[in-house]
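S.K.: I need the structure of the sequence given here:
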Amino acid sequence: MSGLAEVMSSGWSSSAPRTTSRERELPTCTVCSDSMIAAEASAFLSDDSVIYLWTCETCGYGFVTRHDLLRFPCN
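M.R.: Now for the predicted structure:
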């Protein structure tokens, strides 16, 4: 694995183009700028987070993203 990246989603901005939530969160390769559709693998960690392994089909560059899971209190 040649790189590690943290991906964080941001809120809506009035100057940003309107895209769907999932479309915004899809990563692009930092080497060839190709967009990626699905992670190659995923794993849940014990600290309420999930990591995804991404590999670019065009150039082969790989990286990992980590997303923290939000917990909502039940009433």
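
S.K.: And Arg22, what's its pLDDT?
M.R.: For Arg22, the model assigns a pLDDT of 52.

S.K.: now Glu57
M.R.: 92.

S.K.: what's near enough to touch it?
M.R.: For Glu57, the contact set (C-beta atoms under 8 Å, 6 or more residues apart in numbering) comprises 34, 36. The C-beta positions use only the backbone N, C-alpha and C, and glycine is treated the same way.

S.K.: Now it: which helix or strand?
M.R.: Using DSSP states H and E, Glu57 falls within no helix or strand.

S.K.: now Gly62: how far from Asp47?
M.R.: As judged by C-beta to C-beta, to the nearest Å, Gly62 and Asp47 stand 23 Å apart.

S.K.: Looking at those two, which has the bigger crowd around it?
M.R.: Gly62 (14 against 8; other C-beta atoms under 10 Å).

S.K.: buried stuff in the host helix or strand of Ile51?
M.R.: In the assignment (DSSP H and E), Ile51 maps to strand 49-55. Within strand 49-55, the residues that qualify as buried are 52, 54, counting by 16 or more other C-beta atoms under 10 Å.

S.K.: after it comes which helix or strand?
M.R.: Of the helices and strands lying after strand 49-55 in sequence (DSSP H and E), the nearest is strand 62-68.
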